[in-house]
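In: Using only what follows, build the 3D model:
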Amino acid sequence: MREKVLEVLTEEFPGVDFESSDELVADGIMDSLTITGVIAALSMEFGIVIPYEEIIEDNFNSLEALANMVERLREA
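Out: Model prediction:
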């Protein structure tokens, strides 16, 4: 799942190095506009809905957290 999420994100946001940080939000690598785009890209690619309560820093701070969230929501 991690590799597929990385593929989708790097295609949509080629200027963002999603593998370089475990603090993507905290380090300012991802801002609210980028997060909105990430939500849209992942929702379309994986056919999931990311509910409001899942839009927290912990779910967007790293590639691993994003992949875990997608996997969890696909299983729901």
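
In: Would you agree residue 27 is in contact with residue 21?
Out: Yes. The criterion here is CB atoms under 8 Å, and residue 27 meets it with residue 21 at 5.2 Å. To be clear about C-beta, it is placed using only N, CA and C from the backbone, and glycine gets the same treatment.

In: who has more neighbours, these two?
Out: residue 21 (17 against 11; other CB atoms under 10 Å).

In: ok, residue 2 to residue 18 distance?
Out: For residue 2, the distance to residue 18 equals 10 Å [CB to CB, to the nearest Å].

In: overlap in contacts of the two?
Out: Counting by CB atoms under 8 Å, 6 or more residues apart in numbering, the contacts common to residue 2 and residue 18 are residue 63.

In: More neighbours: which of the two?
Out: More crowded of residue 2 and residue 18, by other CB under 10 Å: residue 18, with 18 against 14.

In: number of nearby residues for the closest residue to that one other than its chain neighbours?
Out: Spatial nearest neighbour of residue 18, chain neighbours left out: residue 63 (4.7 Å); criterion: CB to CB, 6 or more residues apart in numbering. By other CB under 10 Å, 20 other residues sit near residue 63.

In: helix, strand or coil for the residue most central in space within the chain?
Out: Geometric centre of the chain, nearest residue: residue 66, 4.2 Å, by CA atoms, centre = their mean. Secondary structure, DSSP: H, G, I helix; E, B strand; the rest coil: residue 66 is helix.

In: For the nearest residue to it once chain neighbours are set aside, what is the enclosing helix or strand?
Out: The spatially closest residue to residue 66, leaving aside those adjacent along the chain, is residue 5, at 5.5 Å (CB to CB, 6+ apart). Counting by DSSP states H and E, the element that carries residue 5 is helix 2-12.

In: I'd like to know which elements that helix is packed against.
Out: Here helix 2-12 touches helix 32-46, helix 63-75, going by 3 or more CB pairs under 8 Å, 6 or more residues apart in numbering; DSSP states H and E.

In: Give me the buried positions along it.
Out: Residues of helix 2-12 classed as buried by neighbour count (16 or more other CB atoms under 10 Å): 5, 8-9, 12.
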